[in-house]
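**Student:** fold the following for me, if possible:
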Amino acid sequence: MTFENIIKRVSQVLAAAFMFLMADGFYLSQKGFNWVDGSLVLVSRFEMNAAHVLGSADAPVTIYEFSSLGCSHCADFHLNMLPELKKDYIDSGKVKLVFADFPIDAKSMKGAMLARCMPADKYFDFLSLLFKKQLTWGLSFKTEKLLTSYAELEGLSAEKAKACMEDDDAAKEIMSVRQDAMEKLQIQGTPSFLIRSDLGEEVLPGVPDYEKLKEVLNKYLGVNK
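**Tutor:** Residues are numbered from 1 along each chain as shown. Prediction:
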């Protein structure tokens with residue numbers, strides 16, 4: 001075989017390999033896979049109506065916080081880690097956070113339904129209030145009365161609060177998102193977090209170590225640290 005024939009043969013093999021990789025990549029992308037830092041990541045196709053967002057709508061990375069208002073670990077994240085996250089990533093426009101209700105009991109569901117009736121600029125503050133007073137309303141035999149009193153402090157009437165906690169459509173929407181997260185993301189407990197950007201996504205179960213969370217966020221921001 002002449003040198004020219006060898007070069008021709010090698011070129012044909014390389015071209016075939018390239019076309020195979022392109023086709024393989026297209027197939028995987030169609031099936032919901034993406035490459036992030038050399039790792040193949042499954043893109044879930046999970047979607048939800050992000051009615052309440054903390055941070056800039058244009059932030060390149062989104063954190064979906066699957067949380068129950070009656071979950072003590074969720075309260076720990078929201079009250080202790082979120083302020084640091086907000087200072088380091090959210091306020092600078094790098095990351096936005098979407099709160100995804102994942103109620104674990106009937107009382108948490110009532111709290112979630114009530115929070116949805118808050119004005120947009122008071123929503124996250126009201127969540128923080130409910131987390132701070134979690135044991136008070138969570139262990140009470142008069143949960144709805146206490147929740148209503150918190151809502152009244154924010155300007156919501158008792159009648160409106162009652163209607164919000166009896167809104168079947170809101171309950172169905174919350175449970176639909178919860179079910180979708182269980183089926184598409186295999187989320188089984190709270191808190192859990194879906195980190196998503198144009199580079200891909202991954203799920204973090206439980207409250208992550210803050211340094212680990214920063215490492216994941218930097219990866220999806222395309223920052224090498």
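**Student:** and the helix or strand hosting Glu215, which residues are buried?
**Tutor:** For Glu215, the element it lies in under DSSP states H and E is helix 210-221. Residues of helix 210-221 classed as buried by neighbour count (16 or more other Cβ atoms under 10 Å): 213-214, 216-217, 219-221. (Glycine included, C-beta is placed from N, CA and C.)
**Student:** which among these gets closest to Tyr150?
**Tutor:** Distances from Tyr150 to those, taken as Cβ to Cβ, are shortest for Leu213 (29.2 Å).
**Student:** give the contact list for that closest one.
**Tutor:** 81, 85, 204 (Cβ atoms under 8 Å, 6 or more residues apart in numbering).
**Student:** let's see if you can find the most crowded of these.
**Tutor:** Leu85 (20 neighbours; other Cβ atoms under 10 Å).
**Student:** from Phe77, how far off is that one?
**Tutor:** Between Leu85 and Phe77 the computed distance is 9 Å (Cβ to Cβ, to the nearest Å).
**Student:** residue nearest the centroid of the protein?
**Tutor:** Here the mean C-alpha position of the chain is nearest to the C-alpha of Tyr64 (Cα atoms, centre = their mean), at a distance of 0.9 Å.
**Student:** ok, the nearest residue to it once chain neighbours are set aside - how many residues close by?
**Tutor:** The spatial neighbour of Tyr64 that comes closest, neighbours along the chain excluded (Cβ to Cβ, 6 or more residues apart in numbering), is Leu194 at 4.0 Å. Using other Cβ under 10 Å, Leu194 has 22 neighbouring residues.
**Student:** got the angle for the host helix or strand of Leu194 vs helix 210-221?
**Tutor:** Element membership for Leu194, per DSSP H and E: strand 192-197. Calculated by axes from the mean of the first three to the mean of the last three Cα atoms, to 10 degrees, strand 192-197 forms an angle of 30 degrees with helix 210-221.
**Student:** next one: whichever helix or strand comes after strand 192-197 to chain centre, how far?
**Tutor:** Moving toward the C-terminus from strand 192-197, the next helix or strand (DSSP H and E) is strand 200-205. When distances are taken as Cα atoms, centre = their mean, to the nearest Å, strand 200-205 is centred 9 Å away from the chain's centroid.
**Student:** buried ones in strand 200-205, by neighbour count?
**Tutor:** Across strand 200-205, burial judged by 16+ other Cβ under 10 Å covers 200-203.
**Student:** looking at the closest residue to Gly55 other than its chain neighbours now. What's its pLDDT?
**Tutor:** Here the nearest residue to Gly55 in space, its sequence neighbours aside, is Lys96; by Cβ to Cβ, 6+ apart that works out to 3.4 Å. For Lys96, the model assigns a pLDDT of 97.
**Student:** no more questions from me, cheers.
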